[in-house]
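Engineer: Sequence first, then the predicted structure:
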Amino acid sequence: MQIPPKNSELPRLFMSPSQFFRKYWAWLLILLIGAAADAITTYRNLHLYGIGTEAHPVQRWVSQILGVGLGVPVAKLIQLAFVLFVAAWWKPWTPWLLGICGLLYIAAAVSNFFLLL
């Protein structure tokens, strides 16, 4: 077993990020739109209803430590870095993981906006 696997986009992500972004730009755009919408609606809800309403533990902890204004974007950047790392790790699924995570962020934003959960 080789870590990272032979078939990985991690070298491209870390050694030549511009190539990584050019190759997956559409999937990354979906991810960025979803993450931005989730961050905006998360900020709004935490500001209006308090940090205790956040279900995601990392978002809640970072917001408790740094405050809502700084905690929401910092936690979202941590989440995005993790998504990029995992998606790049498994090259055959990189575009799918980026797109699915982007759609999940959009679903979270809709849930936040309409207070579904």
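Structural biologist: Done, it's in.

Engineer: ok, which stretches of the protein are helices?
Structural biologist: 10-15, 17-23, 25-49, 57-66, 68-89, 94-114 (DSSP state H).

Engineer: how near is the closest residue to Ala39 other than its chain neighbours to Ser8?
Structural biologist: The shortest distance from Ala39 to any non-neighbouring residue, by C-beta to C-beta, 6 or more residues apart in numbering, is to Lys76 (4.5 Å). Where you see a C-beta, it was placed from the backbone N, CA and C, and this is true even at glycine. Distance of Lys76 to Ser8, given as C-beta to C-beta, to the nearest Å: 25 Å.

Engineer: So those two - more neighbours on which side?
Structural biologist: Taking other C-beta atoms under 10 Å, Lys76 and Ser8 do not tie; Lys76 has more neighbours (21 against 17).

Engineer: for that one, what are its contacts?
Structural biologist: Applying C-beta atoms under 8 Å, 6 or more residues apart in numbering to Lys76 gives the contacts 35, 38-39, 42, 59.

Engineer: Of the residues you listed - the most surrounded one?
Structural biologist: Busiest of the contacts of Lys76 [other C-beta under 10 Å] is Asp38, holding 26 neighbours.
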